[in-house]
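Novice: can't give you the sequence, but here's the structure:
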Ligand SMILES: Nc1ncnc2c1ncn2[C@@H]1O[C@H](COP(=O)(O)OP(=O)(O)OP(=O)(O)O)[C@@H](O)[C@H]1O
Ligand SMILES: [Mg+2]
């Protein structure tokens, strides 16, 4: 469970990128963050993850106030996984080595068991096991990035544009993997997406950001079914 209250954050002293954002995601929910380029989606995810510390406001995970914790402590203490927008796999390392880097705090036995389970779930990992991640397609890399984040069996998963640069077919494969993660492991998923319509179809709720604030929030199906919202915020006409 994630609860964000009145979050203010930014990079340069005196300039705020997030201007008082509040949102929540219940256990096992898929919540999508939408909005135009530069509105602060990645900054919000990075602040929730702990790469940036909030200037004001707070973040709770599983009911515990953790706004002050840096990313490495959130990963260990809050069972959080984070897949960044870019550079989310080590291209010079093999698939096996990438998975191992996702399990830094796990015992060797736990790692072996988890890797086996993930390879069963995502056969492409086993198929390319010793190859370098640079040999994978965009969609395969996203699957590897997801699997790497799933190594320690997180309760919370933050995903920044998991479908960026993918073909429509690969996008569906990656979204399918995300839906299965929620079904099988009851993970709370907070996801930034540009493919608004497709992302809403697999989400429970969504927030639309504009200039570092929440412009709109609602049930995904309500946003999808509102022709005005589709045209104004989601880049598409009602079907
Ligand atoms: N490391 C940084 N240092 C300074 N400013 C930054 C940094 N990263 C992002 N910004 C600024 O913060 C604002 C929000 O950027 P952010 O990356 O959060 O947007 P976004 O909504 O994720 O955009 P996109 O859809 O293009 O990924 C932008 O004005 C950007 O220039
Ligand atoms: Mg971004």
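Specialist: Arrived safely. Bear in mind that the values here come from a model prediction, so they are computed numbers and not experimental data. Ligands and ions are numbered 1, 2, ... in the order given.
Novice: which residues are contacting stretch 54-69?
Specialist: With C-beta atoms under 8 Å, 6 or more residues apart in numbering as the test, stretch 54-69 has contacts from 1-10, 16, 20-22, 47-48, 50, 53, 73-74, 77-80, 155-156. (Each C-beta comes from the backbone N, C-alpha and C, glycine too.)
Novice: just the buried members of those residues?
Specialist: Applying 16 or more other C-beta atoms under 10 Å to the contacts of stretch 54-69, the neighbour count classes 1-5, 7-10, 16, 21, 47-48, 50, 74, 78-80, 155-156 as buried.
Novice: I'd like to know how far the residue nearest the centre of the chain sits from residue 211.
Specialist: In the chain, the residue lying closest to the centroid (C-alpha atoms, centre = their mean) is residue 159, at 1.3 Å. For residue 159, the distance to residue 211 (C-beta to C-beta, to the nearest Å) stands at 23 Å.
Novice: mind checking the SS state of residue 31?
Specialist: Judged by DSSP: H, G, I helix; E, B strand; the rest coil, the three-state class of residue 31 is strand.
Novice: Name the nearest residue to it, sequence neighbours excluded.
Specialist: Across the structure, with C-beta to C-beta, 6 or more residues apart in numbering as the measure, the residue nearest residue 31 apart from its sequence neighbours is residue 25 (4.2 Å).
Novice: Show me what the longest helix along the chain is packed against.
Specialist: Secondary structure assigned by DSSP state H gives helix 168-185 as the longest helix of the chain. Using 3 or more C-beta pairs under 8 Å, 6 or more residues apart in numbering; DSSP states H and E as the contact test, the elements touching helix 168-185 are strand 30-34, helix 138-150, strand 188-192, helix 196-201.
Novice: Adding distance to ligand 1, mean neighbour count and mean pLDDT, write the ones you listed out as CSV.
Specialist: Putting these into CSV (distance: least, C-beta to the nearest ligand atom, whole Å; neighbours: other C-beta atoms under 10 Å; pLDDT from 0 to 100) gives the following:
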stretch, distance to ligand 1, mean neighbour count, mean pLDDT
strand 30-34, 8, 25, 97
helix 138-150, 16, 22, 93
strand 188-192, 6, 24, 97
helix 196-201, 12, 19, 93
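Novice: Nearest to ligand 2, out of those?
Specialist: Each of the helices and strands packed on helix 168-185 has some distance to ligand 2 by C-beta to the ion; the shortest is strand 188-192, at 6.1 Å.
Novice: tilt between the closest one and strand 30-34?
Specialist: For the pair strand 188-192 and strand 30-34, the angle between their directions (axes from the mean of the first three to the mean of the last three C-alpha atoms, to 10 degrees) equals 20 degrees.
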